[in-house]
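Colleague: Show me how the following folds:
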Amino acid sequence: MPLPTRPFIVIQIVWRPGCDVAGRLAEALYDHYRRDHISNVAGGTGLSVMYRFAPMPGARTPMEIDLTEAETTAVVVLMDETFASDPDYTGYARELTERALAAGLGARVFPVALERSALRAVSHDLEAIRWDEWTVTPPEERLRKLTAALTYEFCRMLRHYLALLTHPAQPAEALTRYLEKVRIFLSHSKHDAHGQTIAHAIRDSIHQETGLASFFDVLDIPAGLPFTEVLLHYVRVSAVVAIHTDSYSSREWCRREIIESKRATTPLVVANCITDIEERSFPYLGNVPVVRMEPDALHRIQFIIGRLLDETFKDFLWRCRIEVARRDGATGVVFLPRPPELISLVSVDARDETVVYPDPPIGMEEASLFQKVAPTLRLQSFTEWIAGLPPR
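Modeller: Numbers count the residues shown, from 1 in each chain. Below is the predicted model of the structure:
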């Protein structure tokens with residue numbers, strides 16, 4: 001199958017030489033967005049993260065950024081006092097912002113104020129990410145907050161592009177979709193000492209973080225509607241956190257929620273909060289990221305939210321990739337956002353011949369199980385599929 005001619009998203013990071021904090025942050029962001037857990041759904045050589053900081057020979061500013069080289073372009077501008085005091089770099093950022101605003105929602109500039117004084121360099125009333133206000137936060141936590149803030153903005157950009165692929169919208173409708181919240185479903189047991197407490201703590205953490213509250217919608221069951229119908233609907237359309245406490249696997253509704261999430265292939269993260277023992281682990285909790293969290297270690301909530309944001313970002317990346325593949329004529333193919341497991345077979349019907357999933361290929365020990373259960377089904381990673389390699 002042909003690959004798209006342009007990447008779905010390119011991340012450009014801009015700063016002024018001489019700012020050590022900005023340089024370290026740029027490296028940390030590069031490492032995060034180039035990690036295998038994201039790159040394996042991006043296709044090709046992975047997610048593009050590029051630097052713009054050193055002036056071009058004979059110039060006073062970095063190379064100009066081409067806002068048309070990708071379907072979406074996210075520009076992160078790391079601003080300190082030296083940046084704000086330099087008219088060349090300030091002018092570079094302002095001109096870049098003007099071009100991004102003119103380009104529409106597919107190109108965005110995200111100012112990051114490393115110091116309060118740098119806010120004067122922010123143009124066009126753009127909302128800045130306020131690194132400078134997190135001074136009491138440990139350095140690793142500040143980086144986590146910055147990465148989370150950027151990731152949910154990148155999710156919005158990819159969702160906007162995906163909406164244009166599936167049903168082109170008028171500008172007003174496009175902005176409405178851009179601002180829509182991503183739903184979160186907190187799957188938990190009320191039958192032990194910790195499940196409900198942790199769920200409430202995650203909910204409170206999201207509501208207290210201004211950025212996250214504007215992106216995530218933590219769901220309740222409205223009065224007057226059938227509980228079962230609404231609950232299962234929400235699971236199918238939400239990013240799910242499974243709060244895996246000691247009684248979780250013994251509860252029928254917790255098991256149903258996980259099965260529905262797996263069948264709908266929604267983003268799913270397991271928060272492992274086991275304190276003692278569970279008599280029978282639930283097999284369908286596997287094949288997804290697991291974050292360890294002691295029930296009283298509420299600071300770990302940010303790890304859970306951060307990984308859920310990553311999974312949501314990956315989901316949008318994958319959906320963009322498969323939408324383009326379908327437009328190119330892919331038939332008889334089931335696309336899965338995670339490596340296949342036996343429950344994946346519920347998504348396959350008699351007309352489907354191939355299951356395609358993100359790289360890397362699964363091992364032969366897993367592939368042999370599918371061979372026994374569904375011997376005519378082809379299992380291929382995305383790279384194997386587009387290269388036309390033999391199935392596993």
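Colleague: Domain boundaries for the chain, per the record?
Modeller: Following automatic domain parsing, one gets these domains for the chain: 9-177, 181-319, 331-387.
Colleague: Of all those domains, which one is nearest Ala325?
Modeller: For the domains of the chain, the distance to Ala325 is smallest for domain 331-387, at 7.3 Å, taking Cβ to Cβ. In short, each C-beta sits where N, CA and C put it, glycine included.
Colleague: My read is that Leu158 contacts Asp315, right?
Modeller: No - the criterion here is Cβ atoms under 8 Å, and Leu158 misses it with Asp315 at 9.0 Å.
Colleague: What about Lys314, how many residues nearby?
Modeller: Using other Cβ atoms under 10 Å, Lys314 has 23 other residues around it.
Colleague: contacting residues around it?
Modeller: With contact set as Cβ atoms under 8 Å, 6 or more residues apart in numbering, Lys314 has these partners: 37-38, 41, 267, 337, 358.
Colleague: any idea how far Ile386 is from Asp328?
Modeller: From Asp328 across to Ile386, the span is 10 Å (Cβ to Cβ, to the nearest Å).
Colleague: Looking at these two now, which is surrounded by more residues?
Modeller: A direct count of neighbours by other Cβ under 10 Å for Asp328 and Ile386 places Ile386 higher, at 18 against 11.
Colleague: which residues in the stretch 251-392 of the chain form strands?
Modeller: Listed from the start of the chain, the stretch 251-392 of the chain has strands (DSSP state E, counting those that start in this stretch) covering 268-272, 290-292, 333-335, 354-357, 378-381.
Colleague: and if you look at the stretch 51-200 of the chain?
Modeller: With DSSP E, counting those that start in this stretch, the ranges of strands along the stretch 51-200 of the chain come out as 72-79, 107-113, 182-187.
Colleague: circling back to that earlier point, would JSON lines of the domains of the chain with mean pLDDT be doable?
Modeller: Converted to JSON lines, the domains of the chain look like this (pLDDT from 0 to 100):
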{"stretch": "domain 9-177", "mean pLDDT": "89"}
{"stretch": "domain 181-319", "mean pLDDT": "87"}
{"stretch": "domain 331-387", "mean pLDDT": "89"}
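Colleague: could you measure the residue nearest the centre of the chain against Arg6, distance?
Modeller: Nearest to the geometric centre of the chain sits Phe313, at 1.9 Å (Cα atoms, centre = their mean). Here Phe313 is placed at a distance of 18 Å from Arg6 (Cβ to Cβ).
Colleague: Same check on Pro283?
Modeller: Distance of Pro283 to Arg6, computed by Cβ to Cβ: 40 Å.
Colleague: swap in Asp246?
Modeller: 49 Å.
Colleague: higher neighbour count, those two?
Modeller: Neighbour count, other Cβ under 10 Å: between Asp246 and Arg6, Asp246 has more, with 20 against 13.
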